[in-house]
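Trainee: what follows is a predicted structure for the sequence shown.
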Amino acid sequence: MQDRIWKMLDNFDAFIALPGGIGALEKIFQTASWAQLNIHHKPIGLLNVDGFFNKLLSFLDQAREENFIPHSARQIFISALTAKEMIDKLEDFVYKPNPVAAQIDCLKGSSSKKSKMDLSLHL
(Lines give C-alpha, C1' and ligand atoms only; values in the text may rest on other atoms or scores of the structure.)
Protein backbone atom coordinates (compact mmCIF):
# COMPACT_ATOMS: atom_id res chain seq x y z
CA MET A 1 0.00 0.00 0.00
CA GLN A 2 2.80 2.45 0.88
CA ASP A 3 4.41 1.87 -2.52
CA ARG A 4 1.15 2.78 -4.22
CA ILE A 5 0.94 6.05 -2.25
CA TRP A 6 4.54 6.97 -3.20
CA LYS A 7 3.76 6.28 -6.87
CA MET A 8 0.75 8.56 -6.62
CA LEU A 9 2.86 11.28 -5.02
CA ASP A 10 5.35 11.07 -7.88
CA ASN A 11 2.86 10.87 -10.75
CA PHE A 12 -0.35 12.69 -9.78
CA ASP A 13 -1.14 16.39 -9.44
CA ALA A 14 -3.94 15.88 -6.90
CA PHE A 15 -5.76 13.29 -4.83
CA ILE A 16 -9.51 12.69 -5.08
CA ALA A 17 -11.41 10.80 -2.41
CA LEU A 18 -14.84 9.30 -2.89
CA PRO A 19 -17.20 8.51 -0.03
CA GLY A 20 -15.85 5.49 1.79
CA GLY A 21 -15.05 3.88 5.10
CA ILE A 22 -12.23 3.88 7.61
CA GLY A 23 -9.59 2.98 5.01
CA ALA A 24 -10.54 5.95 2.83
CA LEU A 25 -10.47 8.31 5.82
CA GLU A 26 -7.09 6.94 6.89
CA LYS A 27 -5.61 7.66 3.44
CA ILE A 28 -7.20 11.12 3.34
CA PHE A 29 -5.56 12.08 6.63
CA GLN A 30 -2.28 10.35 5.84
CA THR A 31 -2.08 12.38 2.65
CA ALA A 32 -3.03 15.55 4.54
CA SER A 33 -0.41 14.95 7.22
CA TRP A 34 2.24 14.41 4.53
CA ALA A 35 1.29 17.79 3.06
CA GLN A 36 1.70 19.40 6.48
CA LEU A 37 5.17 17.81 6.70
CA ASN A 38 6.08 19.23 3.25
CA ILE A 39 6.28 15.84 1.59
CA HIS A 40 3.89 17.21 -1.05
CA HIS A 41 1.73 20.28 -1.75
CA LYS A 42 -1.05 18.64 -3.73
CA PRO A 43 -4.74 19.27 -3.08
CA ILE A 44 -7.03 16.60 -1.71
CA GLY A 45 -10.37 16.62 -3.48
CA LEU A 46 -13.37 15.32 -1.58
CA LEU A 47 -16.15 14.37 -3.99
CA ASN A 48 -18.99 15.29 -1.67
CA VAL A 49 -21.72 13.03 -3.06
CA ASP A 50 -25.02 13.67 -1.26
CA GLY A 51 -23.17 15.72 1.38
CA PHE A 52 -21.16 12.71 2.57
CA PHE A 53 -18.17 14.85 3.65
CA ASN A 54 -20.16 17.78 5.13
CA LYS A 55 -19.48 16.86 8.75
CA LEU A 56 -15.81 16.15 8.04
CA LEU A 57 -15.48 19.57 6.37
CA SER A 58 -17.24 21.20 9.36
CA PHE A 59 -14.81 19.42 11.69
CA LEU A 60 -11.84 20.71 9.66
CA ASP A 61 -13.28 24.24 9.69
CA GLN A 62 -13.73 24.09 13.47
CA ALA A 63 -10.20 22.72 13.95
CA ARG A 64 -8.92 25.62 11.84
CA GLU A 65 -11.00 28.23 13.71
CA GLU A 66 -9.69 26.94 17.05
CA ASN A 67 -6.08 26.92 15.76
CA PHE A 68 -5.60 23.17 15.93
CA ILE A 69 -4.59 23.12 12.28
CA PRO A 70 -3.01 25.90 10.22
CA HIS A 71 -4.75 27.50 7.26
CA SER A 72 -2.36 25.68 4.90
CA ALA A 73 -3.55 22.31 6.26
CA ARG A 74 -7.22 23.23 5.75
CA GLN A 75 -6.80 24.81 2.33
CA ILE A 76 -5.60 21.61 0.64
CA PHE A 77 -9.06 20.06 1.12
CA ILE A 78 -11.20 20.86 -1.91
CA SER A 79 -14.86 19.87 -1.86
CA ALA A 80 -17.18 19.55 -4.85
CA LEU A 81 -20.55 17.98 -5.60
CA THR A 82 -19.74 16.87 -9.15
CA ALA A 83 -16.69 15.56 -10.98
CA LYS A 84 -16.71 18.57 -13.35
CA GLU A 85 -16.78 21.03 -10.44
CA MET A 86 -13.96 19.05 -8.77
CA ILE A 87 -11.73 19.23 -11.85
CA ASP A 88 -12.37 22.97 -12.19
CA LYS A 89 -11.51 23.60 -8.52
CA LEU A 90 -8.40 21.42 -8.66
CA GLU A 91 -7.17 23.24 -11.77
CA ASP A 92 -7.59 26.58 -9.94
CA PHE A 93 -5.86 25.40 -6.75
CA VAL A 94 -2.79 27.35 -5.66
CA TYR A 95 -0.94 26.17 -2.56
CA LYS A 96 -0.15 28.86 0.02
CA PRO A 97 2.53 27.49 2.37
CA ASN A 98 2.55 27.84 6.12
CA PRO A 99 5.77 29.80 6.90
CA VAL A 100 6.55 27.64 9.93
CA ALA A 101 5.85 24.32 8.22
CA ALA A 102 7.82 25.47 5.18
CA GLN A 103 10.98 25.03 7.24
CA ILE A 104 10.25 21.33 7.80
CA ASP A 105 11.84 18.81 5.46
CA CYS A 106 10.87 15.33 6.60
CA LEU A 107 12.59 13.59 3.73
CA LYS A 108 15.97 15.24 4.30
CA GLY A 109 18.40 12.94 6.06
CA SER A 110 15.90 10.11 6.29
CA SER A 111 17.30 6.66 6.72
CA SER A 112 15.96 3.20 7.27
CA LYS A 113 17.62 3.04 10.70
CA LYS A 114 15.08 3.75 13.41
CA SER A 115 16.11 5.84 16.37
CA LYS A 116 15.41 4.51 19.83
CA MET A 117 12.71 6.31 21.78
CA ASP A 118 13.38 7.42 25.33
CA LEU A 119 10.37 6.13 27.24
CA SER A 120 11.84 6.53 30.73
CA LEU A 121 9.87 8.41 33.35
CA HIS A 122 11.52 11.59 34.62
CA LEU A 123 10.16 12.93 37.93
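Mentor: Okay, I see it.

Trainee: in the protein, which spans are strands?
Mentor: Across the chain, reading from the start of the chain, the strands by DSSP state E fall at 15-17, 44-47, 77-80.

Trainee: return the most buried member of these.
Mentor: Ranked by average neighbour count under the criterion mean count of other CB atoms under 10 Å, the strands of the chain are headed by strand 44-47 at a mean of 22. Just so you know, the C-beta spots here come from the backbone N, C-alpha and C atoms, and that holds for glycine as well.

Trainee: nearest residue to residue 12 other than its sequence neighbours?
Mentor: Setting aside the residues directly before and after it, residue 12 is nearest to residue 42 in space (CB to CB, 6 or more residues apart in numbering), at 7.0 Å.

Trainee: what's near enough to touch the residue nearest the centre of the chain?
Mentor: The chain has residue 32 as the residue nearest its centroid, 1.2 Å off, counting by CA atoms, centre = their mean. Under the criterion of CB atoms under 8 Å, 6 or more residues apart in numbering, the neighbours of residue 32 are 44, 73, 76, 77.

Trainee: gap between the first one and residue 35?
Mentor: Here the criterion is CB to CB, to the nearest Å. By it, residue 44 lies 8 Å from residue 35.

Trainee: what touches both of those two?
Mentor: Shared contacts of residue 44 and residue 35, defined by CB under 8 Å, 6+ apart, comprise residue 76.

Trainee: what's the closest non-adjacent residue to residue 13?
Mentor: The shortest distance from residue 13 to any non-neighbouring residue, by CB to CB, 6+ apart, is to residue 42 (6.3 Å).
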